[in-house]
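*Asks:* A structural model of the following input is requested.
(2 chains)
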There are 2 protein chains.
Amino acid sequence: MAHRELTSDVSDGKDEWERKERLVQVMSKDPAFDKRGREWMTRTEKYSRGLRMINRMYDLENTLGWNRQDTTVATGLLDESLPISLHVTAFEPVFLLQASPELLDRYAALTATRGIFGCYLQTELGHGSNVASLETTATYIPGTKEFDIHSPTLSSSKWWIGALGKTATHGVVQAKLILPGGEDMGPHLFFVQLRSLETHKLLPGITAGDIGPKAFDGTPANDNGFARFNHVRIPKEHMLSKFAQVTDDGKYVKPPHAKISYGGVGVYVFILPTSDLTSPLFCRRRCCISVHRWLPPLGGSQQETNKQYNTAAVIAIRYATVRRQGTKGHDGLEKQVISYPSLHTRLLPILSRAYVYIGMGRALSRSFQTMAQRLSTGDASLLAELHAVTSGLKVLCTTSSVQDLENARRSMGGHGYGAFSGIGKVYADMVPSVTYEGENFVLDQQAVRAALKAFKNLFGDDGKSRPSSSTLQNLPPSTYYLRLLIDSKEPPVLHDASNNSHPPASSSSSSWNDPETLILLLEWRAALLVHEMAQTVEDPDATIYQRVSKGTTEAFVARRVGEMISGLRANSELKKQDVGVLGRLYLLFLQTTVESALSDLLSFSLLRIQNPSRIGASRDPTRGLRMAIAKNCLALLPEAIGLTDALGFSDWELDSALGVYDGRVYQALWDRAQLEPLNAKEVPDAYEVGHLDSLLFARS
Amino acid sequence: MAHRELTSDVSDGKDEWERKERLVQVMSKDPAFDKRGREWMTRTEKYSRGLRMINRMYDLENTLGWNRQDTTVATGLLDESLPISLHVTAFEPVFLLQASPELLDRYAALTATRGIFGCYLQTELGHGSNVASLETTATYIPGTKEFDIHSPTLSSSKWWIGALGKTATHGVVQAKLILPGGEDMGPHLFFVQLRSLETHKLLPGITAGDIGPKAFDGTPANDNGFARFNHVRIPKEHMLSKFAQVTDDGKYVKPPHAKISYGGVGVYVFILPTSDLTSPLFCRRRCCISVHRWLPPLGGSQQETNKQYNTAAVIAIRYATVRRQGTKGHDGLEKQVISYPSLHTRLLPILSRAYVYIGMGRALSRSFQTMAQRLSTGDASLLAELHAVTSGLKVLCTTSSVQDLENARRSMGGHGYGAFSGIGKVYADMVPSVTYEGENFVLDQQAVRAALKAFKNLFGDDGKSRPSSSTLQNLPPSTYYLRLLIDSKEPPVLHDASNNSHPPASSSSSSWNDPETLILLLEWRAALLVHEMAQTVEDPDATIYQRVSKGTTEAFVARRVGEMISGLRANSELKKQDVGVLGRLYLLFLQTTVESALSDLLSFSLLRIQNPSRIGASRDPTRGLRMAIAKNCLALLPEAIGLTDALGFSDWELDSALGVYDGRVYQALWDRAQLEPLNAKEVPDAYEVGHLDSLLFARS
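*Replies:* Numbering: from 1, shown residues only, chains lettered A, B, ... in the order given. Presented below is the predicted three-dimensional model:
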């Protein structure tokens, strides 16, 4: 397929695509961003390399005159988690929005030029998500007008703080504010200098360092750190006091109502940045994480798609196209492995999720901007909606994306286990997304709570009220499926097309290829799950939160995918044949989503079984759907390479021997293996120093 | 619970437990086996450390007088994949069984004392499982009575060969035998010296080295290697010629029928070692991999359980017991996180699988030994059965064990992403088990083929024959479920216990706690799946192979678990209370297996829906099962620590800061972080050399 228009489309338009191409041209040739050999660097070397990359990026920004969006996109192109991101996305905004004017006068400019380098110290050894129980204290001393920052226990040590280990000079510390009388006012934020600006050494009373390597050698260039404070004094002005203060004599001045806007989206977005999962900050971060898109942090316009997850589909599909194994075809060559159903029915659904999440990112970005605009006028009505949506989406998207990475890697068999496949590194860096920024099992509960609240608003505590039609017309997208519970219509019932003894109506077999039918099925499932949960909420079973969260979120996503399919026809930028292919790909997403929902669909009789009383005589009612998936995958097969190429990755970005554009994967593997340091000496040191001496011994 | 008896039980008896304790005592204190700091070693250092460990182990064998079983168990205790295992498990047996008497005279003793160090060169860059298409050639030259070993293409480079990279001096090479007339006789085995015994340098014509790092830094101490041969000549006698030869003038002498026993199990087990998934060698290796147990390779008696997988349950359950977060209890402390259903309903099923697989290992080991005995008398009747069983089991056990490792790691939230949790490393080393020794998707097809064959044997090609009752009585365990298709009995039908409007018979709610009912459900599902597949085998849908393989294997496993439950009552070694607890744990395994099979059970009407025609009025029929799981987990909660302790891991074996026996996890994390090399200097090199100079720049 022609994929020029498609690349432009998935890149947010021609301008963004050209911007990225321009930046890749520069960066892929710059030695600072050379990826060769990074596999065997030590952590210390990887950390140094990371700093070097940050530095070089700002050099380029200066010398080439990059604008802010350029720099944002360039940062995204560095496929490493770097300390700078903590400065830019956590420290700087919190500081700018909550510091007093005096502090801002002194440090805002330095922050902008990275004259000071910040981090954000929240989690402790003993506490992550439960901010209320953090142990670090900030005790006000009226005599000297200072706060005494202290870590009273081992478990109060700050831990996991990005950029704290070796890089940051300053930090914003979450600590319990203790008034002179001993009263504990709960967590507040304090600006603390950590290291000398002269020598970079830690200031007295502070013990800090790197917390050590991460699982799978993930995010090695980021110096996640620890810190303990031994009665460290800071001036009273260093409390971030824009919304809460302590008077000179130690009285607490309450913040205004926490969730009211303060005249600008920026302020609103960053208030209560950490202690409340419903805060706009968390909403935004979940937006970013769930749909792999960095949204503007301060009401600005820079944004960027995080394409790392999508490397899985590209690399695995390219490799499966080049790799030949098994049966020989008419041409005397063994078959391309992608032609085996066991492979392409695994890989094409991964590709479909990549495309759907790109579209979702765009949709969510619009929703977020609408919410931000309304917030800036004091209207917080969309916040709850976005909270509900992003809670479920973050769980769904991180879980499936991480799983897709691993399944794509495994699809490449033995070579997939080599580091040079490139996917292992992405998995290692991305997998914490399922546990950070709201652990997925905690977020499931948030999503369910929102769904139950919507249900009760409609049907009352006893489930017996009936909402007005105007209420129904105003159902927000997150709970749009609830309308079905009051419609008199029955859900769509699908008969299995393959049952020969009971031939279905001709419409039935094609209904597995009808997006609206599939979407309705998923919406019905969501509605019935919430209905069920509302009746058993006092006595939940082992998996109900996960099921309801997944069910309601998939209904939301499915409806959005329906909109994407409609939008395709209206998209004049795309070629007609691309429209057809994308339509099929979106359909595959819906089909496989329905397949993964089968046990719910069957439980709630949304998929009817013929002859339920005659076991053995009945046929598998799920076969029709599974056959439709098999056929759709087969139809998409010739488009697989076009669709992966259209995602617009350069070889430099992929950094994969198995995903090289020219298909010469064996040459690429060979070339990379030659760089392995073990190969630097023909006879390894281990032999020289005698570790192989059992051989020598036996020979003597 | 008292777990002394239990530890003895899971350790294959008191003697084996004491042996292990004795070895751990020695090894855990020996500097060669010290694990501290290995996280940040380079690959070269990890490789050297591995060789040092091998060496030290044989030192200890000599000085302490270990017997063979001691050494086997000691090797298992080294939680690294080491080059020695390839010498012992692949090179040595193949060489000993297939080499000519002349070759054996010269090299057998050297092999036994590791005077030569071997590897087994099969897979190539371009070919893994399809051995018939390997490209390396061994061309016979009558003039010099030599073979010319040659790698004609890049893709014919041997690749992934364990111990080849830097260690091995010799290897057995799979190559196509080419006769002087040019006739290609397919793959045969050749004994080739790779490196000088004087200098350890590669011999002329051979290019070899390490293939580079593995994903997630897996198995770093193993030097998986590559090799290319440029017309390397070896003497005719170096063809492993016990069963196939070339005459001096270049005529091929056919091997006797490949699958006939040659008078001893050893011979039988290692004939056709690589090219045939149905060979006894592959059966044995799948046995080992699937149930985490190393079986005797040569009819010997040494065997050992590979407990690495079980570390997941131990570490995660210990940590979840120590970690407190969220709501405060009556004691003023936050709740132990394991008390949250979202955690214990994840972790206890993992623990149940650990125990079930230990029991399965024992059962399979007995089956394997029975088969080996029969083979030694020329009776190969059990081979097909064990092939079928191990194909499905290898898929099921590796997939679920690897997933359990990752889910356990994620259950530990942020700290689980730290390398010091210890689980990441186990995952990195174990995850290739899903793709090696028969890729799981390929093995699924083997399992299905065996099931269909059994079905046709019983019911004929048209599915209409009816077998005799004696045939039915002799159904092997792998297809025992097929008896149900001819029984007149209906499958057990479970009503949902929670449906208030239609109160079930009192028997229904308890049936989710009845092992026999759960086993029968799984057997019915297997039978109906095979029945369905037999009718659609010409036109398979997208996932039928996976479903049938999983369904039939789970039926087999469930029946074995039923036997384990019966066996508990007869086990006089166990305390009565332990019997009760283990019974519950096995029940949990069955319950969660049924839960994961729900979509099949519902498809085939094995779980009936009340009021299927009245959508919305009907209640979730799966709730009864899910509630039973929730309750069983709650009942097992007080036993969780006892059950994990009973697995008998020392801190040295676990090597996990989060799984320490004394529960001081935060101290352990703190202590380990201090060893991070980045912390060796307060101000990192990166700062000194100016990589932090954007800071300096801005300040100037």
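*Asks:* List phi and psi for A:L202.
*Replies:* With angles defined as degrees, to the nearest 10, A:L202 sits at phi -70, psi 140.
*Asks:* whoops, I mixed them up, A:H188
*Replies:* Here A:H188 shows phi and psi, under degrees, to the nearest 10, equal to phi -140, psi 170.
*Asks:* State the phi and psi torsions of the nearest residue to it once chain neighbours are set aside.
*Replies:* Once flanking residues are discounted, A:H188 sits nearest to A:L177: 4.4 Å by C-beta to C-beta, 6 or more residues apart in numbering or on different chains. C-beta: built from backbone N, CA, C; applies to glycine. Torsion angles at A:L177 (phi, psi; degrees, to the nearest 10) stand at phi -80, psi 120.
*Asks:* OK, contacts around A:L177?
*Replies:* A:138, A:140, A:184-188, A:239, A:246, A:252 (C-beta atoms under 8 Å, 6 or more residues apart in numbering or on different chains).
*Asks:* Can you lay out the residues you listed as CSV showing neighbour count?
*Replies:* Output for the contacts of A:L177, formatted as CSV (neighbours: other C-beta atoms under 10 Å in any protein chain shown):
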residue, neighbour count
A:A138, 27
A:Y140, 24
A:D184, 11
A:M185, 15
A:G186, 12
A:P187, 19
A:H188, 23
A:M239, 24
A:V246, 22
A:Y252, 15
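*Asks:* For B:S401, state which of those is nearest.
*Replies:* A:P187 (40.7 Å; C-beta to C-beta).
*Asks:* Beta-bridge partners for the closest one, please?
*Replies:* Here A:P187 sits in beta bridges with A:K176, as judged by DSSP bridges.
*Asks:* what's the pLDDT at it?
*Replies:* You'll see A:P187 listed with a pLDDT of 91.
*Asks:* same question, the one 3 residues further on
*Replies:* Per-residue confidence (pLDDT) for A:F190: 97.
*Asks:* swap in A:S478?
*Replies:* At A:S478, the pLDDT recorded in the model is 93.
*Asks:* Put the alpha carbons of stretch A:637-651 into CSV.
*Replies:* Extracted in CSV, the C-alpha atoms of stretch A:637-651 (Å, rounded to 0.1, in the frame of the first residue of the first chain):
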residue,chain,number,x,y,z
LEU,A,637,-1.4,-9.9,5.7
PRO,A,638,-0.4,-8.3,2.4
GLU,A,639,-0.7,-4.9,4.1
ALA,A,640,1.4,-5.8,7.1
ILE,A,641,4.6,-4.3,5.9
GLY,A,642,3.0,-1.2,4.5
LEU,A,643,1.3,-0.6,7.8
THR,A,644,4.5,-1.0,9.8
ASP,A,645,6.5,1.1,7.4
ALA,A,646,3.8,3.8,7.7
LEU,A,647,4.6,4.1,11.4
GLY,A,648,7.6,5.9,10.2
PHE,A,649,10.5,4.5,12.2
SER,A,650,14.1,4.9,11.2
ASP,A,651,16.6,2.2,11.8
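*Asks:* hang on, the earlier thing: tell me which of the contacts of A:L177 fall in strands.
*Replies:* A:138, A:140, A:184-188, A:246, A:252 (DSSP state E).
*Asks:* Just give me the closest of those residues to B:S549.
*Replies:* Using C-beta to C-beta, those come closest to B:S549 at A:P187, 52.0 Å.
*Asks:* From chain B, how far out is the closest one?
*Replies:* 15 Å (C-beta to the nearest C-beta, to the nearest Å).
*Asks:* Same question for A:Q245.
*Replies:* Relative to chain B, and taking C-beta to the nearest C-beta, A:Q245 is found at 29 Å.
*Asks:* show me the residues around that residue that make contact.
*Replies:* Counted by C-beta under 8 Å, 6+ apart, A:Q245 has contacts A:239, A:252-253.
*Asks:* try 6 Å this time
*Replies:* A:V253 (C-beta atoms under 6 Å, 6 or more residues apart in numbering or on different chains).
*Asks:* mind checking how far it is from A:E183?
*Replies:* Using C-beta to C-beta, to the nearest Å, A:Q245 is found at 15 Å from A:E183.
*Asks:* Likewise for A:K307?
*Replies:* Counting by C-beta to C-beta, the gap from A:K307 to A:E183 is 50 Å.
*Asks:* out of these two, which sits in the more crowded spot?
*Replies:* The neighbour comparison of A:K307 against A:E183 (other C-beta atoms under 10 Å in any protein chain shown) goes to A:K307, with 23 against 10.
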